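A.B. asks: sequence and predicted structure are below.
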Amino acid sequence: MQLTDKVVLVTGGSRGLGKALCLGLAAEGAKVAVNYFHNEAKGIDLVAEADAVVAEIADRYGTEALAIGGDMGSEADILAMFELIQQKLGPLDVLVNNAAALASGPITKYTEAEWNYVFQVNVTGTFIACREFVRRLLEQDRKGRIVNIASQAAFLGSTSGHLPYDSSKGAVVSMTRAIAREVAGKGINVNAVAPGMIRTEMVAGRLAADEDKYLARIPLHRIATVEEISDIVTFLSSDRASYMTGTTLDATGGMMMR
């Protein structure tokens, strides 16, 4: 995939799909910055998980990796991450926007604060990261790749009541297309992936309760593994996808067929 020594930032990279993305990119020789979120006030501390990903990358692939804390809802944190990556690993080549916030409904129960926080992380955070990355690429006269993790819910919605998340992912799809069109002439490719259901800790409870209900919606009749989505993201991060920009790839097992 020609990713040897490329510097990649994966936001939300300490667990689940994010972890698989970090490992998949490292397997192709990339240097990976593993972003995690640390929030003492909310009891969220993923330092150990991020450190474990870094250790696994070193053990399995022998490439450089860096655990880097930062709230994707904070502009100051995002800018500080980019600066630290530049100092520790070198100029960034690939940005993978994977971190996301999720709130559960139904629509009648959401608060304005919940709505705003989901959009702050999923949309504004993604925008700020893309803006900073593009700014640095243009200043350094370098090419780069952006891969945004969207969702099938951006197109189909969700029956389980995740309106802010679904809406925010629709915005990510539009943002991907808009940025791609603006920077296409600068050697910067911007694409997205829209996964369907992925077998992660986040959905383990729902699958255990009624997996057949979800399988019935999927023409391939199985739930995606994190590795299958990681392979797609790794491809879009590489020069093998050099003639693709502004697209959102359907990775839903046939749910969308678009």
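C.D. replies: Noted; the coordinates are in hand.
A.B. asks: and the helices in the protein?
C.D. replies: 16-27, 47-61, 75-88, 112-119, 126-140, 153-156, 163-183, 204-215, 226-237 (DSSP state H).
A.B. asks: just the ones you listed: most buried one?
C.D. replies: helix 16-27 (a mean of 25; mean count of other CB atoms under 10 Å). (Each C-beta comes from the backbone N, C-alpha and C, glycine too.)
A.B. asks: packing partners for it?
C.D. replies: strand 7-10, strand 31-36, helix 47-61, strand 94-97, helix 226-237 (3 or more CB pairs under 8 Å, 6 or more residues apart in numbering; DSSP states H and E).
A.B. asks: if we use 7 Å, what do you get?
C.D. replies: Applying 3 or more CB pairs under 7 Å, 6 or more residues apart in numbering; DSSP states H and E, one finds that helix 16-27 contacts strand 7-10, strand 31-36, helix 47-61, helix 226-237.
A.B. asks: and the shortest one, what other elements does it pack with?
C.D. replies: Looking back up the chat, that one is strand 7-10. Using 3+ CB pairs under 7 Å, 6+ apart, strand 7-10 is in contact with helix 16-27, strand 31-36, strand 94-97.
A.B. asks: compute the inter-axis angle for the longest one and strand 31-36.
C.D. replies: What that stands for is helix 16-27. 170 degrees (axes from the mean of the first three to the mean of the last three CA atoms, to 10 degrees).
A.B. asks: start the count at 63, not 1, going forward
C.D. replies: Got it, the first residue is 63 from now on, which makes the last one we talked about helix 78-89.
A.B. asks: what does helix 78-89 rub up against?
C.D. replies: 65, 70, 72, 74-75, 94, 96, 115, 118-119, 123, 125, 127, 158, 160, 260, 262-264, 288-289, 291-293, 295-296, 299 (CB atoms under 7 Å, 6 or more residues apart in numbering).
A.B. asks: for the second one, same thing?
C.D. replies: When contacts are defined by CB under 7 Å, 6+ apart, strand 93-98 is touched by residues 67-76, 84, 87-88, 108-109, 111-112, 115-116, 119, 125-132, 143, 147, 151, 161.
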